[in-house]
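Enquirer: Quick one, fold the following:
(2 chains)
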Amino acid sequence: GEDVEQSLFLSVREGDSSVINCTYTDSSSTYLYWYKQEPGAGLQLLTYIFSNMDMKQDQRLTVLLNKKDKHLSLRIADTQTGDSAIYFCATVTSGNTPLVFGKGTRLSVIA
Amino acid sequence: DVKVTQSSRYLVKRTGEKVFLECVQDMDHENMFWYRQDPGLGLRLIYFSYDVKMKEKGDIPEGYSVSREKKERFSLILESASTNQTSMYLCASSSEAEQFFGPGTRLTVL
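Expert: Residues are numbered from 1 along each chain as shown, chains lettered A, B, ... in the order given. Below you'll find the predicted structure:
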């Protein structure tokens, strides 16, 4: 079945850019997502990209999709301590199938 | 804004008890999901539902059942709670492209 892989940890300094990477195996993925989870909370949908797009920008967030390499990344500009959280990548092939999640990347922001 | 609510943030139950976790969404979504989240294992899908009275098994349905009698409500049932069901339980609902999560219920089974 579909597999989504992420590195487990990332540490950056406040004010730097963070780049969180994700690879997936199913080339028929239609939507690709980034979620944020703060301690003790549910998952918050940050952004998502349709598979026919290469890039999506939303304020400090930039999503890049390389369909050929099945690689998705999330760039957070000017990273703040409030960005410290676990970030999950997820993919879906159609509206009525469940999302497939990576195990999450824990982002630590050092002041 | 989409709202997915879960009946409890924290719950403590004893082994063998029957446990009900309730989830309600207010966006008329067809699809609803139950996951559990454990350290090192990520999110694992327990059950999902595409419509009222419909249910599909996810990756780890053993020891759980679900009920969807109304579109807005999806219940997860632990028929006889066991200590290995201590976990964070997350409910979600989705439209075509967007899936939204509730705040989670941290269940401890003693």
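Enquirer: How about the contacts made by the most centrally placed residue in chain B?
Expert: Note on chain B: the residue nearest the mean C-alpha position is residue B:34, at 3.2 Å, using Cα atoms, centre = their mean. Contact analysis of residue B:34 by Cβ atoms under 8 Å, 6 or more residues apart in numbering or on different chains lists B:21, B:23, B:45-48, B:58, B:64, B:66, B:74, B:76, B:89-91. The C-beta positions use only the backbone N, C-alpha and C, and glycine is treated the same way.
Enquirer: Those residues into TSV, with extra columns for secondary structure?
Expert: Listed next are the contacts of residue B:34 as TSV, based on DSSP: H, G, I helix; E, B strand; the rest coil:
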residue	secondary structure
B:21	strand
B:23	strand
B:45	strand
B:46	strand
B:47	strand
B:48	strand
B:58	coil
B:64	coil
B:66	strand
B:74	strand
B:76	strand
B:89	strand
B:90	strand
B:91	strand
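Enquirer: Compare the residues you listed and tell me which is most surrounded.
Expert: Using other Cβ atoms under 10 Å in any protein chain shown as the neighbour test, the contacts of residue B:34 are led by residue B:74, with 29 neighbours.
Enquirer: Identify the residues contacting residue B:25.
Expert: Shown in contact with residue B:25 (Cβ under 8 Å, 6+ apart): B:2-5, B:32, B:72, B:74, B:93, B:100.
Enquirer: check contacts around residue 83.
Expert: Picked chain A for this. Contact partners of residue A:83, counting by Cβ under 8 Å, 6+ apart, are A:18, A:76, A:107, A:109.
Enquirer: Please refer instead to chain B.
Expert: Applying Cβ under 8 Å, 6+ apart to residue B:83 gives the contacts B:15, B:109-110.
Enquirer: which of the contacts of residue A:83 lies closest to chain B?
Expert: Nearest to chain B among the contacts of residue A:83, counting by Cβ to the nearest Cβ, is residue A:107 at 15.7 Å.
Enquirer: Sounds good, over and out.
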